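K.L.:
Quick one: sequence plus predicted model below, questions after.
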Amino acid sequence: MTPGGNARAATPARRHPEPAFAMRWFGPNDPVSLAELRQVPGLRSIVTALDDVQIDQPWTRPAIEKRAAALASYGFDWVVAESVPVPDAIKLGTPERDDAVACFASSIEALGQAGVNVVCYNFMPVFDWYRTAFHADVGDGSTAMRFRQADFDALDFGAGAPALAAWARGYDAVAFEQLTQAYRDLGERGLRENLTAFLHDVVPIAARAGVRLAIHPDDPPWPILGLPRIVKDRADLVRVLEASDDPANGLTFCTGALGARRGADLAGMAGDLVDRIHFVHARNLRFASEHDFIETAHLRGEGDLDLPAVMHALLDGGFDGPIRPDHGRTLWGEERIPGYGLFDRAIGLGYLQGLTHGRRSSG
Ligand code: DNO
């Protein structure tokens, strides 16, 4: 019997493998130290990036091996590069695009040689993920990140956009206006074509290097500021996968990003796409209304997303890749990067481990 007696009942029961339970570390400047992470039960795998490398420079094998050695000295493996940045030249298809693709490809090859086999990237224009509050009051003395469209709409980008802690660079007024206008002119269709061209170029290189590419969905998963968004929902994910059938062309399944579209069938998507899911971000959130949500603890019932259902779909589908608890609340007075405190993510990791072990012993 297949657990749950679901649509997979006709296929032989799947094993329930162990994913690689991981946490993200932002490098030497992260207020969470490797010494602290070492105390998290069952944590052997780290997700990190060489954020100090300029975006127009490739990641070199010595630099990658240096970071891997720092992790290894605490007993950790580097399992995912999150993220290797995709410069605007590639997304916009400017004349510098080919050089930028060559640079990205060279980073992929070096990562593969160093044994880092999964690469997370995104194709979001201008902003990576965006929140309108980083320390919103949860009501129990903790804080969490929030996105409220009305607050976003009230922002004034007339003077450009500030750098947001640890994930995006800032732009002055002129650069911001030029860049946003270039993406608006490009539109969804142009951005999709540029993603397809990018995949066409880099997927074969990744496949040869033994690296799986894992695109991260847009967050929030709807257009903001009139900018095109092309990785928002199931149809978009399928379109990305169809751009190249090679298994090296895969997904980062981010429950928080995809689940911010109210009513998204996360477990259904996870089960259907599991063979191409190379990396999982597990995050929970609670809706105040459509396009207004606050992030919550991972536990079922704390937020509106059903992480146990997603985990079961992944495990029943044979998922054994890296998974990390994504954004958590800021707890117990810690001073960390918003969303990336130690405590709630450690609790979240324990929850994901418990769900996995429970499913294994019942399946
Ligand atoms: C947010 C993360 C993102 C993610 C990139 C992937 O916490 O999920 O910053 O790393 O969007 O490229």
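P.N.:
Perfect, thanks for sending it.
K.L.:
In this structure residue 268 contacts residue 312, no?
P.N.:
No - Residue 268 is not in contact with residue 312 according to Cβ atoms under 8 Å; the separation is 11.7 Å. Quick note: C-beta positions are derived from backbone N, CA and C, even for glycine.
K.L.:
The two: which is more packed in?
P.N.:
residue 312 (24 against 15; other Cβ atoms under 10 Å).
K.L.:
Assumed that one was part of a strand.
P.N.:
No - looking at residue 312 with DSSP: H, G, I helix; E, B strand; the rest coil, it is helix, so not inside a strand.
K.L.:
what number of residues lie near the closest residue in space to it that isn't next to it in sequence?
P.N.:
Ranked by Cβ to Cβ, 6 or more residues apart in numbering and with sequence neighbours excluded, the top spatial neighbour of residue 312 is residue 359, at 5.8 Å. Neighbourhood size, residue 359 [other Cβ under 10 Å]: 17.
K.L.:
do the same with residue 357
P.N.:
13.
K.L.:
State the pLDDT value of it.
P.N.:
With respect to pLDDT, residue 357 scores 94.
K.L.:
how much space between it and residue 301?
P.N.:
Taking Cβ to Cβ, to the nearest Å as the criterion, residue 357 is separated from residue 301 by 20 Å.
K.L.:
Check residue 96 too.
P.N.:
49 Å.
K.L.:
the more surrounded of these two?
P.N.:
residue 96 (15 against 9).
K.L.:
That one against residue 88, yeah?
P.N.:
No - under the criterion of Cβ under 8 Å, residue 96 makes no contact with residue 88, lying 9.1 Å away.
K.L.:
for the protein, what spans make up the helices?
P.N.:
Along the chain, counting by DSSP state H, helices occupy 34-37, 61-72, 88-92, 97-113, 149-153, 173-209, 234-243, 255-259, 266-273, 307-316, 343-362.
K.L.:
Mind putting those into CSV with distance to residue 287?
P.N.:
Shown next, in CSV, are the helices of the chain (distance: least, Cβ to Cβ, whole Å):
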stretch, distance to residue 287
helix 34-37, 31
helix 61-72, 37
helix 88-92, 30
helix 97-113, 36
helix 149-153, 12
helix 173-209, 25
helix 234-243, 19
helix 255-259, 10
helix 266-273, 14
helix 307-316, 16
helix 343-362, 19
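K.L.:
Residue 160: which of those is closest?
P.N.:
Proximity to residue 160, assessed across the helices of the chain by Cβ to Cβ, is greatest for helix 173-209 (4.4 Å).
K.L.:
in that closest one, what's buried?
P.N.:
176, 179-180, 182-183, 186, 190-192, 194-195, 198-199, 201-203, 205-207, 209 (16 or more other Cβ atoms under 10 Å).
K.L.:
With stretch 227-239 instead?
P.N.:
Those would be 227, 228, 229, 230, 231, 232, 233, 234, 236, 237, for stretch 227-239 by 16+ other Cβ under 10 Å.
K.L.:
Is any residue of that stretch near the ligand?
P.N.:
No - judged by Cβ under 6 Å from any ligand atom, stretch 227-239 stays clear of the ligand, getting no closer than 10.0 Å.
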